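Participant: Quick one: sequence and predicted model below, then my questions.
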Amino acid sequence: MKIIYHNRHQLDEKLEAELDAKYVDFTDLIKNADFLSLLLL
């Protein structure tokens, strides 16, 4: 499974590699994601 994410701050590159995740801007997230999980605090 390909993981893309957007957050106010990008994760550390080492952690991204461990999670096999890629930081993208919000527009790309909306365009490319099959599923979205929104966490509002």
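Facilitator: Received, thanks.
Participant: so L15 sits in a helix?
Facilitator: Yes - counting by DSSP: H, G, I helix; E, B strand; the rest coil, L15 is located in a helix.
Participant: From K31, how far off is it?
Facilitator: 24 Å (C-beta to C-beta, to the nearest Å). Where you see a C-beta, it was placed from the backbone N, CA and C, and this is true even at glycine.
Participant: do the same with K14
Facilitator: K14 is 27 Å from K31, where distance means C-beta to C-beta.
Participant: go on, M1?
Facilitator: 18 Å.
Participant: Neighbour count: the two, which is higher?
Facilitator: Between M1 and K31, counting by other C-beta atoms under 10 Å, K31 is the more crowded of the two (9 against 5).
Participant: tell me which element that one is part of?
Facilitator: Taking DSSP states H and E as the definition, one finds K31 inside helix 26-32.
Participant: for that helix, packing partners?
Facilitator: With contacts defined as 3 or more C-beta pairs under 8 Å, 6 or more residues apart in numbering; DSSP states H and E, the packing partners of helix 26-32 are strand 3-5.
Participant: what packs against the strand it packs on?
Facilitator: The criterion is 3+ C-beta pairs under 8 Å, 6+ apart, and the helices and strands that strand 3-5 contacts are strand 21-23, helix 26-32.
Participant: The nearest residue to H6 once chain neighbours are set aside: what's it in contact with?
Facilitator: Of all residues not flanking H6 in the chain, L29 sits nearest, at 4.6 Å (C-beta to C-beta, 6 or more residues apart in numbering). With contact set as C-beta atoms under 8 Å, 6 or more residues apart in numbering, L29 has these partners: 4-6, 36.
Participant: Could you save the residues you listed as JSON lines and add columns showing pLDDT?
Facilitator: Below are the contacts of L29 laid out as JSON lines (pLDDT from 0 to 100):
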{"residue": "I4", "pLDDT": "97"}
{"residue": "Y5", "pLDDT": "96"}
{"residue": "H6", "pLDDT": "96"}
{"residue": "L36", "pLDDT": "92"}
